[in-house]
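Enquirer: just to be clear, the model below is a prediction. Sequence and coordinates:
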Amino acid sequence: MKPVQDVLGPRMQECAKLSHCVAAIRQERDVLAGQDALRLKY
């Protein structure tokens with residue numbers, strides 16, 4: 001039987017990468033929403 005770290009380690013690394021991607025997408029969405037609001041205002 002493999003140690004827990006050997007099994008969960010790669011999965012946790014993938015989850016960390018996914019979380020980083022989601023955060024980046026949300027940040028980009030917020031920037032684009034702000035740009036749209038400014039464009040509609042002027």
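Expert: Yes, it's here.
Enquirer: assign residue 2 to helix, strand or coil.
Expert: Three-state call for residue 2 (DSSP: H, G, I helix; E, B strand; the rest coil): coil.
Enquirer: okay, it: pLDDT?
Expert: We have a pLDDT of 74 for residue 2.
Enquirer: that one: how many residues sit nearby?
Expert: For residue 2, the count of nearby residues is 7 (other C-beta atoms under 10 Å). To be clear about C-beta, it is placed using only N, CA and C from the backbone, and glycine gets the same treatment.
Enquirer: just the CA coordinates of stretch 28-39, formatted as PDB?
Expert: This file holds the C-alpha atoms of stretch 28-39, laid out as PDB (Å, rounded to 0.1, in the frame of the first residue of the first chain):
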ATOM      1  CA  GLU A  28      -9.700  39.000 -15.400                       C
ATOM      2  CA  ARG A  29     -13.500  39.000 -15.300                       C
ATOM      3  CA  ASP A  30     -13.400  41.800 -12.700                       C
ATOM      4  CA  VAL A  31     -11.100  43.900 -14.900                       C
ATOM      5  CA  LEU A  32     -13.300  43.400 -18.000                       C
ATOM      6  CA  ALA A  33     -16.400  44.300 -16.000                       C
ATOM      7  CA  GLY A  34     -14.800  47.500 -14.800                       C
ATOM      8  CA  GLN A  35     -13.800  48.400 -18.400                       C
ATOM      9  CA  ASP A  36     -17.300  47.700 -19.600                       C
ATOM     10  CA  ALA A  37     -18.700  49.900 -16.800                       C
ATOM     11  CA  LEU A  38     -16.400  52.800 -17.800                       C
ATOM     12  CA  ARG A  39     -17.200  52.400 -21.500                       C
END
